[in-house]
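>>> turn this into a model:
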Amino acid sequence: MFIAPAFAQGAAPAPGMDFMSFLPMIVIFVLFYFMLIRPQQKRAKEQQAMLAALAKGDEVVTSGGMVGRITKVNEQYVTLELADGVEILFQRSAVAARLEKGTIKNNK
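Got it, this is the predicted structure:
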């Protein structure tokens, strides 16, 4: 025969689970936490605080881009006055940002 028989080698001894093998995963998780998870949680807390602090007379922008002044505030809904005599009911969660007082008058 020209080809020598091939035999399987015995299983290599498993290396011990040391700290250095987990170090890259730990570093990646820490980076993800500080660059993605933590800022997102901070933004969500700020948004919830802003929604809880909405009051009559505040000028806001909705997630759809509507700009108006709050005329009524409910637990789940706010009524926005978009123009003189034009009021629309929105869910409180649809409010994207609160504007400074006088923003609507300055832009008309």
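
>>> touching, residue 55 and residue 73? I think so.
Yes: counting by C-beta atoms under 8 Å, residue 73 is a contact partner of residue 55 at 6.3 Å. For every residue, glycine as well, the C-beta is placed using N, CA and C.

>>> name the residue in those two with the higher neighbour count.
residue 73 (14 against 9; other C-beta atoms under 10 Å).

>>> what's across from the more buried one in the sheet?
For residue 73, the beta-bridge partners under DSSP bridges are residue 78.

>>> next one: residue 90
Going by DSSP bridges, residue 90 forms beta bridges with residue 78.

>>> worst-scoring helix or strand of the protein, pLDDT-wise?
helix 103-107 (a mean of 78; mean pLDDT, DSSP states H and E).

>>> can you list contacts of that helix?
59, 67-69 (C-beta atoms under 8 Å, 6 or more residues apart in numbering).

>>> redo that, cut-off 7 Å
59, 67, 69 (C-beta atoms under 7 Å, 6 or more residues apart in numbering).

>>> kindly format the C-alpha coordinates of that helix as PDB.
Extracted in PDB, the C-alpha atoms of helix 103-107 (Å, rounded to 0.1, in the frame of the first residue of the first chain):
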ATOM      1  CA  THR A 103     -41.500  79.600  20.800                       C
ATOM      2  CA  ILE A 104     -44.800  79.400  18.900                       C
ATOM      3  CA  LYS A 105     -45.400  83.200  18.900                       C
ATOM      4  CA  ASN A 106     -41.800  83.800  17.700                       C
ATOM      5  CA  ASN A 107     -42.200  81.400  14.700                       C
END
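
>>> mind listing what's buried in that helix?
For helix 103-107, the neighbour count (16 or more other C-beta atoms under 10 Å) marks residue 104 as buried.

>>> sorry, back to before: so which of the contacts of helix 103-107 comes closest to residue 5?
Of all the contacts of helix 103-107, residue 5 sits closest to residue 67, with 82.1 Å by C-beta to C-beta.

>>> the closest one: what's it in contact with?
61, 104.

>>> three-state assignment of residue 6?
coil (DSSP: H, G, I helix; E, B strand; the rest coil).
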